[in-house]
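J.: Next input, structure requested:
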Amino acid sequence: MSVTNKQWLGLPLNLIWGYIAIAFFMTGDGFELAFLSHYIKELGFSPAEASLAFTLYGLAAALAAWVSGVVAEIITPQKTMLIGFLMWCIFHVLFLVFGLGHANYAMILLFYGIRGFAYPLFLYSFIVAIIHNVKSDSASSAIGWFWAVYSIGIGVFGSYIPSFTIPHIGELGTLWLALAFCITGGVIAQISLRHIATPRHMQNLTTREKLSELTRAVTLIYSNRNIMLSCMVRIINTLSLFGFAVIMPMMFVDQLGFTTSEWLQVWAVFFFTTIFSNVFWGVVSEKLGWIKVVRWFGCIGMALSSLAFYYIPQHFGHNFAMALIPAIALGIFVAAFVPMAAVFPALEPRHKGAAISVYNLSAGTSNFLAPAIAVLLLPHFSTIGVVIAYTVLYIVAFFICPFIHVEQPGFSTKPECAAESAQLS
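T.: Now for the predicted structure:
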C-alpha cells in the first residue's frame, strides 16, 4: 500500500475531496448543535429532557465510534462511510417527521438516538483512510486538517447558516435544509474516495478473526496502559465543546438576553477559530512533541477558557463583543488535543484500526458524557456547577499526560514524557 508524499502545509492532496466531503456532511450534521436543545425546550419539554435526548444521541455515537475504525479496516472506509451516510439521511427524516414535527418526545428519543449511530461511521472512518494514505510522521498534520474541515462544517457553516435561516424558515425548516448538505457530502465522498489506498490485510480474515479484531477495540483499553490513559485524556478533550452546546444556549438566550441568532454567531466564532488552530497545533506538535502540546496547551488552556466562557458573559451581560473573547480562547485550546489522533495508532502500530476505534470510542464517549454531566448537575448546581466539573476534569487530564509513553515517528528525542514520568512515579 502506498502513502502520499504530495502535501500542502500537511494537507494530503490525494485526499482533498474527502476533506471537502467531511466539511459538507458535518455542515448538515452541525445545523442542530447549537439550537436543538433550546428548540426542544420550546416544544414544551424541560431542560433535563432536552439534555437526555443529547445524552442518548451521544451514547449511540460512542458505540458507533467504537466500531468504526475496525469496521472501516474490515470492509474499507468507503463502504463504512456509505452506511453512515444512508443511516443519517433515513433517520434524520424520521426524526423530523415523527419526532419534532409532532412534538412526540418518545419519537424524538428513538429516532434522534438511532441517528446518533450514523455520523461517526461516516466521520471517523475517514481517519482510517488518512492513516493508511499518509506517512506516520505526517499523521498529526493530516489529522489537524481533518479536524479543521470538521470545524468548518459542524461549527462555522453549521452555526452561521442557521443564524440566518432560522428567522426566515424557522428551526424545523433549517433542519430540513441540513439534509441537502449531508447528501452533498455523502455523494462527494463516494465518488472521490473510490481509488484511494485502502487497508487490505483484513479482507481475507474469517468471521471469527474479524470479530476477534473487533473486540480488540475494547481489550486494548486494559491490555495497553498507554492506550487506557490516552483514552481518558481524549474523553476529557471535548467535554466543553459538546457540553456547552447543550447548556450555553439556555444561559445566553434565556438568562443574558442574547437572541438565538447572536448565540449561534458566538458559537460559530468558536468553531471558526478551530479551523486555524487545528492545523497550527497539528504542525507544532510535530516539532514540540505530541504529549507536550496536549498537556500544556490543551489541558491548561481548556481549563481556563472553560471558566472564562461562563464568567466573562456573566460579568458583561448581553455584550456580543465580550462574548467572543472566551469563544476564541476555547477555539484555540480545544485544538491542542489534535495530536491524540496520532498517538493512538503509534501506540499500537500492528493494530491501527483497533487503536483508532479506541480513539473514536473516546471521542464518542465525550459526546455522551458531556451532556450526561449536565443532566446530573444542572438541577442541583445550575450552569456554573457543570462548568466547574468540566474544568476539574481538564486539570485531571493535565496530571495524566506525563504517564503516557509514546514513540513519536520522526521525533528526535526519546519517548515523550518517559523521563518526567519516571520522576513522578
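J.: Surely residue 259 and residue 253 touch.
T.: Yes - contact criterion C-beta atoms under 8 Å: residue 259 and residue 253 qualify, at 7.1 Å. Bear in mind the C-beta positions are built from the backbone N, C-alpha and C, glycine included.
J.: the more surrounded of these two?
T.: residue 253 (19 against 15; other C-beta atoms under 10 Å).
J.: tell me the secondary structure for the residue lying closest to residue 286 once chain neighbours are set aside?
T.: Leaving aside its sequence neighbours, residue 286 sits nearest to residue 140 (C-beta to C-beta, 6 or more residues apart in numbering; 5.3 Å). State at residue 140, reduced to three classes by DSSP: H, G, I helix; E, B strand; the rest coil: helix.
J.: who's in contact with residue 140?
T.: Listed by C-beta atoms under 8 Å, 6 or more residues apart in numbering, the contact partners of residue 140 are 282-283, 285-286, 290, 338-339, 341-342.
J.: Could I have the buried ones of those residues as PyMOL selection syntax?
T.: Buried residues among those (16 or more other C-beta atoms under 10 Å), as a PyMOL selection:
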select buried, resi 282+283+285+286+290+338+339+341+342
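J.: And the furthest pair within the contacts of residue 140?
T.: Maximum pairwise distance in the contacts of residue 140, criterion C-beta to C-beta, is 14.0 Å, between 283 and 341.
J.: ok so, going back, just name the closest of the contacts of residue 140 to residue 168, please.
T.: For these, the nearest to residue 168 is residue 338 (36.0 Å; C-beta to C-beta).
J.: I figured the closest one hits residue 143, correct?
T.: Yes - here residue 338 reaches residue 143: they are 6.2 Å apart, a contact under C-beta under 8 Å.
J.: what is in contact with those two at once?
T.: By C-beta under 8 Å, 6+ apart, the residues touching both residue 338 and residue 143 are residue 282.
J.: Pipe the contacts of residue 140 into JSON lines and attach distance to residue 151 and pLDDT per row.
T.: Shown next, in JSON lines, are the contacts of residue 140 (distance: C-beta to C-beta, whole Å; pLDDT from 0 to 100):
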{"residue": "282", "distance to residue 151": "12", "pLDDT": "88"}
{"residue": "283", "distance to residue 151": "16", "pLDDT": "87"}
{"residue": "285", "distance to residue 151": "17", "pLDDT": "91"}
{"residue": "286", "distance to residue 151": "20", "pLDDT": "85"}
{"residue": "290", "distance to residue 151": "20", "pLDDT": "93"}
{"residue": "338", "distance to residue 151": "11", "pLDDT": "92"}
{"residue": "339", "distance to residue 151": "16", "pLDDT": "92"}
{"residue": "341", "distance to residue 151": "14", "pLDDT": "87"}
{"residue": "342", "distance to residue 151": "18", "pLDDT": "88"}
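J.: Need the residues that contact stretch 171-187.
T.: 21-29, 31-32, 35-36, 39, 81-82, 85-86, 88-89, 92-93, 96, 100-101, 122, 153, 157, 161-162, 165-166, 169.
J.: Give me the buried subset of the residues you listed.
T.: 21-29, 31-32, 35-36, 39, 81-82, 85, 88-89, 92, 96, 100, 122, 153, 157, 161-162, 165-166.
J.: just checking, which of those belong to helices?
T.: Those of the buried ones among the contacts of stretch 171-187 mapping onto helices are 21-29, 36, 39, 81-82, 85, 88-89, 92, 122, 161-162, 165-166, per DSSP state H.
J.: Tell me the secondary structure of the spatially most central residue of the chain, please.
T.: Most central in the chain under C-alpha atoms, centre = their mean is residue 363, positioned 5.9 Å from the mean C-alpha point. The local conformation at residue 363, judged by three-state DSSP, is helix.
J.: Also the one 3 residues further on?
T.: Applying three-state DSSP to residue 366 yields a three-state assignment of helix.
J.: residues contacting it?
T.: 234-239, 241-242.
J.: how about JSON lines for the residues you listed, with secondary structure added?
T.: Formatted as JSON lines, the contacts of residue 366 follow (three-state DSSP):
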{"residue": "234", "secondary structure": "helix"}
{"residue": "235", "secondary structure": "helix"}
{"residue": "236", "secondary structure": "helix"}
{"residue": "237", "secondary structure": "helix"}
{"residue": "238", "secondary structure": "coil"}
{"residue": "239", "secondary structure": "helix"}
{"residue": "241", "secondary structure": "helix"}
{"residue": "242", "secondary structure": "helix"}
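J.: Which one of these is nearest to residue 396?
T.: residue 236 (6.9 Å).
J.: mind checking how far that closest one is from residue 362?
T.: 9 Å (C-beta to C-beta, to the nearest Å).
J.: what about stretch 308-328, start to end distance?
T.: One end of stretch 308-328 sits 11 Å from the other (C-alpha to C-alpha, to the nearest Å).
J.: what about that stretch, average pLDDT?
T.: Mean per-residue pLDDT for stretch 308-328: 97.
J.: Check what contacts that stretch and list those residues.
T.: Against stretch 308-328 from outside (C-beta under 8 Å, 6+ apart): 240, 244, 248, 251-252, 256-258, 262, 265-267, 269-270, 273, 305, 329-330, 383-384, 387.
J.: Show the buried residues in those.
T.: For those, buried by 16+ other C-beta under 10 Å: 240, 244, 248, 251-252, 256, 258, 262, 265-267, 269-270, 273, 305, 329-330, 383, 387.
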